[in-house]
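In: let me see the structure of the following:
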Amino acid sequence: MKIYSPWAFTESEKEKAQVNRKIYDELKEKYRVYRHDLKISLRDGEDCNFSDYDVVIGRRPGYLHSVYKIHKNEPQLSELELALLCDLGNLCFGYSMQGEGICVNED
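Out: The predicted structure follows:
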């Protein structure tokens, strides 16, 4: 299955949203994911025990976007799969890379 980014205001947008959500649900079922919503720089053993998770994500909210830092990616997920995890299965407005961070566009 293909992950759609961005998909808002496109043909078949409802179907694209459903596909993204299905892939997100499958990733969440397969991997243990920790995502901190208000802190981008996470410390192992302080914010969470990295060893308890397959994927560890920190977040810094901004105006119309959020920047995410991937602290751990044990299963070697793709950039697109990680972006989908960051945006909780959405990606309606897309994302871009900012250095080592994933910048997800939000409304």
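In: tell me the gap between stretch 38-57 and the middle of its chain.
Out: What separates the centre of stretch 38-57 from the centre of its chain is 15 Å, taken as Cα atoms, centre = their mean, to the nearest Å.
In: can you tell me what sits against it?
Out: With contacts defined as Cβ atoms under 8 Å, 6 or more residues apart in numbering, stretch 38-57 is touched by 31-36, 58-61, 67-75, 77, 82, 85-86, 101. Bear in mind the C-beta positions are built from the backbone N, C-alpha and C, glycine included.
In: and the residues you listed, which are buried?
Out: Neighbour counting by 16 or more other Cβ atoms under 10 Å classes 31, 33-36, 58-60, 67-73, 77, 82, 85-86, 101 among the contacts of stretch 38-57 as buried.
In: narrow those to those in strands?
Out: Mapping the buried ones among the contacts of stretch 38-57 onto strands (DSSP state E) picks out 33-36, 58-60, 67-73, 101.
In: closest to residue 91 among the residues you listed?
Out: Nearest to residue 91 among these: residue 68, at 12.2 Å, using Cβ to Cβ.
In: what pLDDT is listed against that closest one?
Out: Looking at residue 68, its pLDDT reads 98.
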